[in-house]
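Asks: Mind looking at a prediction? Sequence and model below.
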Amino acid sequence: MKLTFLGTGYVGLVTGAAMAELGHTVVCADIDTKKIAKLKKGVMPIYEEGLEELVMKNVAKGRLSFSSNMTEALAHGEVIFSAVGTPEDKVTGKADLRFVLAAAESFAKNLTGYKIFVNKSTVPVGTADLVRQCIAQHAPEGARFEVVSNPEFLREGRAITDFLKPDRIVVGVASEEAKGIMERVYAPLTKKGHPLLVMDIPSAELTKYAANAFLATKISFINQIAHFCEVTGANVQAVAEGMGMDERIGRRFLAAGAGYGGSCFPKDVSALIESAKEKKVQLSILQSVDSFNDAQKIYPVQLLKKQLKTGLAGKRVALLGLAFKPDTDDVREAPALYVVRELMAAGATVVAYDPVANKEFSRVLGEAAVTYVRSARAALRKADAAIIMTEWKEFSALTQEDFSLLAKGAAVIDGRNSIDKQCVESAGCSYKGIGI
Ligand code: NAD
């Protein structure tokens with residue numbers, strides 16, 4: 001089928017390339033002309049394992065192309081996916097639907113015949129109605145269209161596999177015609193046994209928020225248990241193991257640490273809370289999850305202050321891990337951003353290292369006087385303390401010799417419970433994890 005993606009960001013690029021891999025002919029379009037120019041030269045705008053190969057392979061086969069010309073791009077697709085951003089409005093906490101409505105408007109203005117507008121972005125319940133109104137307002141007389149909800153569940157770092165081997169595909173439709181079209185789009189995956197769940201549009205829109213909010217709740221739950229572990233002598237990893245073996249609970253998302261971040265959980269929890277408030281429903285559990293997580297992001301700094309006793313002023317702190325999780329260079333809402341600001345406010349000097357996210361982190365953080373280095377060893381050298389903020393494999397592989405580079409008696413705070421305590425202690429440093 002001929003598909004067009006409006007928005008060639010994380011979701012648009014990965015899903016567009018993966019749809020091409022499934023045999024569709026895909027145009028990925030974006031208003032960011034620089035991004036499109038780079039992609040045309042084969043330069044990936046994000047780091048995601050396997051993405052470059054997938055893109056290059058499908059471009060070579062003639063199934064994938066890039067465009068910043070919306071009219072051309074929209075003329076191509078029989079199905080138009082919108083994968084534009086839905087960032088958090090920092091004043092209201094709601095989802096900012098500006099980009100979704102702009103995409104709907106350009107869809108409408110270029111509409112010929114019958115096409116469907118598939119919303120892949122994460123949006124509040126009721127957005128499909130707004131999109132429908134927007135398209136109706138701008139579309140030519142007599143044009144036929146439908147709006148479909150098809151939220152995306154891929155995880156950064158495993159995005160391609162997640163898309164090509166999904167647990168489920170959720171599609172919200174209002175007609176049999178749209179249902180049939182979406183079944184054809186996803187036929188290559190459903191034929192392999194991946195379930196396609198067809199439901200009404202509001203349920204599809206809400207499923208995505210509810211799933212993310214539940215995962216965020218699971219993380220905050222174990223983090224709060226970790227706090228209790230710290231005063232009782234219990235070990236949160238043992239507790240999580242014991243809980244997780246119960247198949248009703250499951251082990252995943254029970255890793256205690258320095259809170260969740262990223263481009264999805266924080267904004268989606270906030271948007272869900274706010275959209276419910278509009279309907280006079282208080283999602284009190286999620287309100288607690290949200291505020292608890294804000295505090296948890298800087299908890300490693302509190303632990304460090306306790307360990308150092310002398311205060312942080314003038315101390316050199318090695319910050320290992322800047323991305324919000326491993327295997328990505330995405331630093332959006334990364335807890336490390338909050339930790340850096342907290343450390344600097346306390347007068348510490350920060351030497352930071354991430355295997356892939358140094359550049360992106362410095363761009364997002366801006367002016368702050370952080371020194372970025374090219375290896376964990378360079379960050380550790382002569383530092384008075386180290387905080388691990390991302391569970392990159394290369395940090396779990398750090399040895400006693402690596403930690404010996406730290407200043408004598410340095411404190412190591414393992415914000416992800418991911419490094420070897422023994423290596424740290426045998427290097428003469430103190431070790432403190434979260435809830436262990
Ligand atoms: P992103 O910011 O990486 O990409 C969005 C892209 O849309 C940008 O390149 C932007 O230039 C482009 N854009 C904006 N307005 C446009 C327009 N009118 N026409 C064409 N392009 C336009 O965002 P993302 O991380 O890919 O997320 C997109 C959506 O998917 C969000 O709603 C997000 O919540 C959801 N989502 C993200 C993930 C994830 O892991 N990143 C996973 C699942 C769902």
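Replies: Looks like it arrived, so ask away.
Asks: Can I take it that residue 412 is in a strand?
Replies: Yes - assigned with DSSP: H, G, I helix; E, B strand; the rest coil, residue 412 falls within a strand.
Asks: Beta-bridge partners for it, please?
Replies: Residue 412 has these beta-bridge partners by DSSP bridges: residue 386, residue 431.
Asks: what about it, distance to residue 309?
Replies: As judged by CB to CB, to the nearest Å, residue 412 and residue 309 stand 15 Å apart. For the C-beta atoms, the positions are set from N, CA and C on the backbone; glycine is no exception.
Asks: Please apply the same query to residue 386.
Replies: To residue 309, residue 386 is 17 Å away according to CB to CB.
Asks: who's more crowded, the two?
Replies: The residue with more neighbours, out of residue 386 and residue 309, is residue 386; 30 against 7, by other CB atoms under 10 Å.
Asks: correct me, but that one touches residue 315?
Replies: No - look at residue 386 against residue 315 with CB atoms under 8 Å: they stay out of range, at 11.1 Å.
Asks: pLDDT at whichever residue of the stretch 301-436 of the chain sits closest to the ligand, what is it?
Replies: Of all residues in the stretch 301-436 of the chain, residue 330 sits closest to the ligand, at 7.1 Å by CB to the nearest ligand atom. Predicted confidence (pLDDT) for residue 330: 92.
Asks: Likewise for residue 352?
Replies: 98.
Asks: What segments of the stretch 201-350 of the chain are strands?
Replies: According to DSSP state E, counting those that start in this stretch, the stretch 201-350 of the chain carries its strands in the segments 316-320, 349-353.
Asks: The closest residue to the residue of the stretch 301-436 of the chain closest to the ligand other than its chain neighbours: neighbouring residues, count only.
Replies: Nearest residue to residue 330 in three dimensions, chain neighbours excluded: residue 156, at 5.5 Å (CB to CB, 6 or more residues apart in numbering). Using other CB under 10 Å, residue 156 has 24 other residues around it.
Asks: distance between stretch 30-37 and the chain's centre?
Replies: The chain centroid and the centroid of stretch 30-37 are separated by 21 Å under CA atoms, centre = their mean, to the nearest Å.
Asks: What residues does the stretch 151-300 of the chain have near the ligand?
Replies: By CB under 6 Å from any ligand atom, the residues of the stretch 151-300 of the chain that approach the ligand are 152, 154, 156, 263, 264.
Asks: let's go with 8 Å and repeat that
Replies: Within the stretch 151-300 of the chain, the positions lying close to the ligand (CB under 8 Å from any ligand atom) are 151-156, 159, 208, 262-264, 267-268.
Asks: What segments of the stretch 151-300 of the chain are helices?
Replies: Remark: helices assigned in the stretch 151-300 of the chain by DSSP state H, counting those that start in this stretch are 159-164, 176-185, 187-190, 201-232, 236-244, 265-278, 284-297, 299-308.
Asks: With respect to residue 23, which of the ones you listed lies nearest?
Replies: helix 187-190 (6.1 Å; CB to CB).
Asks: Which one of the residues in the stretch 201-350 of the chain is closest to the ligand?
Replies: Relative to the ligand, the nearest point of the stretch 201-350 of the chain is residue 263 (4.7 Å; CB to the nearest ligand atom).
Asks: err, the chain, not the other one
Replies: Closest approach between the chain and the ligand, counting by CB to the nearest ligand atom: residue 9, at 1.7 Å.
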